[in-house]
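Student: okay, here's the prediction I keep looking at, along with the sequence it came from:
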Amino acid sequence: MTTLHTLLHVVEHAERWRIGDHPIKQFTANPVRVSFLLPDQDVALFVKWARHLGDEQITGFAAGPIGHLHVRGRILSGHTIEVSVLHEGQWLRGAGLVGPLELGEVEQAARKAVAA
């Protein structure tokens, strides 16, 4: 069962890694994990979260006009969280961010997007 204590661990994790307070579009919690959706196209924030998860698994989906990046991993307390961000499918496909991904691939695409 997810408890307020679990949610506190997520907040403490964000503070510890200086991810910072930020908007969340959608938040869900169940007995197995906590999941949240970041503001659309905020790949840089997605990278901050992915960088500070243990055993992270990153996947990109872009079959249609809207796609998303998804990461699943563990925070320091051992709880599993999932973080996603929506983005234009064309941008994800063009950046090669489809299928199983390494963090470095997503970081590189985020840097290029900021530079453009």
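Tutor: That came through, no problem. Computed from a predicted model, the values in this text were never measured in an experiment. Residues are numbered from 1 along each chain as shown.
Student: the helices in this protein, which residues?
Tutor: 4-16, 43-51, 89-94, 103-115 (DSSP state H).
Student: got those helices as JSON lines, with mean neighbour count and mean pLDDT columns?
Tutor: (Each C-beta comes from the backbone N, C-alpha and C, glycine too.) Formatted as JSON lines, the helices of the chain follow (neighbours: other Cβ atoms under 10 Å; pLDDT from 0 to 100):
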{"stretch": "helix 4-16", "mean neighbour count": "14", "mean pLDDT": "89"}
{"stretch": "helix 43-51", "mean neighbour count": "20", "mean pLDDT": "94"}
{"stretch": "helix 89-94", "mean neighbour count": "16", "mean pLDDT": "95"}
{"stretch": "helix 103-115", "mean neighbour count": "14", "mean pLDDT": "87"}
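Student: which one of those lies nearest to residue 61?
Tutor: helix 89-94 (7.8 Å; Cβ to Cβ).
Student: who are the packing partners of that closest one?
Tutor: strand 66-74 (3 or more Cβ pairs under 8 Å, 6 or more residues apart in numbering; DSSP states H and E).
Student: just the CA trace of the strand it packs on, in PDB.
Tutor: C-alpha atoms of strand 66-74 as PDB (Å, rounded to 0.1, in the frame of the first residue of the first chain):
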ATOM      1  CA  ILE A  66       2.300  12.500 -29.600                       C
ATOM      2  CA  GLY A  67       4.800  10.200 -27.900                       C
ATOM      3  CA  HIS A  68       6.400  10.000 -24.600                       C
ATOM      4  CA  LEU A  69       9.600   9.200 -22.700                       C
ATOM      5  CA  HIS A  70       9.200   6.900 -19.700                       C
ATOM      6  CA  VAL A  71      11.700   5.900 -17.000                       C
ATOM      7  CA  ARG A  72      11.200   3.400 -14.200                       C
ATOM      8  CA  GLY A  73      13.700   3.200 -11.300                       C
ATOM      9  CA  ARG A  74      14.300   3.200  -7.600                       C
END
